[in-house]
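**Q** no sequence for this one, just the structure:
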Ligand SMILES: [Zn+2]
């Protein structure tokens with residue numbers, strides 16, 4: 001077969017979309033606590049007692065509605081971590097830095113956040129949040145978790 005293939009065209013464009021995201025009741029309360037009080041709220045399950053952070057409206061363990069709150073942390077233990085060496089679009093920090101999975105004191109689940117690129121950040125180490133001076137009601141109101149030495 002010797003059929004002529006159509007030439008494919010290509011258009012390059014940059015698209016930017018501005019949008020607002022509604023946090024909802026549960027995440028909204030969590031973010032307000034970070035911004036206004038510098039505290040970390042978890043949701044408490046009346047069904048099985050699970051304390052979840054970030055908070056959920058439903059318990060992942062038993063499916064019950066989670067409507068009660070409990071303050072957790074601020075310290076926690078590193079459950080896992082990953083080092084980021086190369087920059088990428090949308091990176092939360094300038095590389096190198098670390099992603100950490102932190103189990104806050106009093107919580108049964110872990111929260112994914114950031115840590116400095118410090119060899120002291122490893123599994124089992126106690127870390128504490130470093131809050132920003134100016135908070136906006138975002139998870140980034142916690143700059144990152146730093147190891148306690
Ligand atoms: Zn439950």
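**A** Noted; the coordinates are in hand. Bear in mind that the values here come from a model prediction, so they are computed numbers and not experimental data.
**Q** need the per-residue pLDDT for residue 10.
**A** For residue 10, the pLDDT comes out at 86.
**Q** quick one: it from the ion, how far?
**A** 52 Å (CB to the ion, to the nearest Å). Where you see a C-beta, it was placed from the backbone N, CA and C, and this is true even at glycine.
**Q** run a quick neighbour tally on that residue.
**A** As a burial measure, residue 10 scores 4 neighbours (other CB atoms under 10 Å).
**Q** got it, and residue 89?
**A** By other CB under 10 Å, neighbour count at residue 89 equals 4.
**Q** can you tell me how far it sits from the ion?
**A** 38 Å.
**Q** thought residue 74 was touching residue 40?
**A** Yes. Applying CB atoms under 8 Å, one finds residue 74 in contact with residue 40, separated by 6.1 Å.
**Q** these two: which is more packed in?
**A** residue 40 (25 against 17).
**Q** quickly list what's touching both of residue 74 and residue 40.
**A** Common contacts of residue 74 and residue 40 (CB atoms under 8 Å, 6 or more residues apart in numbering): 104, 129.
**Q** and for residue 102, the neighbour number?
**A** Neighbour tally, residue 102, other CB under 10 Å: 28.
**Q** ugh, wrong one, residue 78
**A** 22.
**Q** also the one 3 residues further on?
**A** Counted by other CB under 10 Å, the residues lying close to residue 81 total 17.
**Q** that one: which element?
**A** strand 76-84 (DSSP states H and E).
**Q** give me the packing partners of that strand, helices and strands only.
**A** Here strand 76-84 touches strand 97-104, strand 111-116, strand 126-131, strand 142-147, going by 3 or more CB pairs under 8 Å, 6 or more residues apart in numbering; DSSP states H and E.
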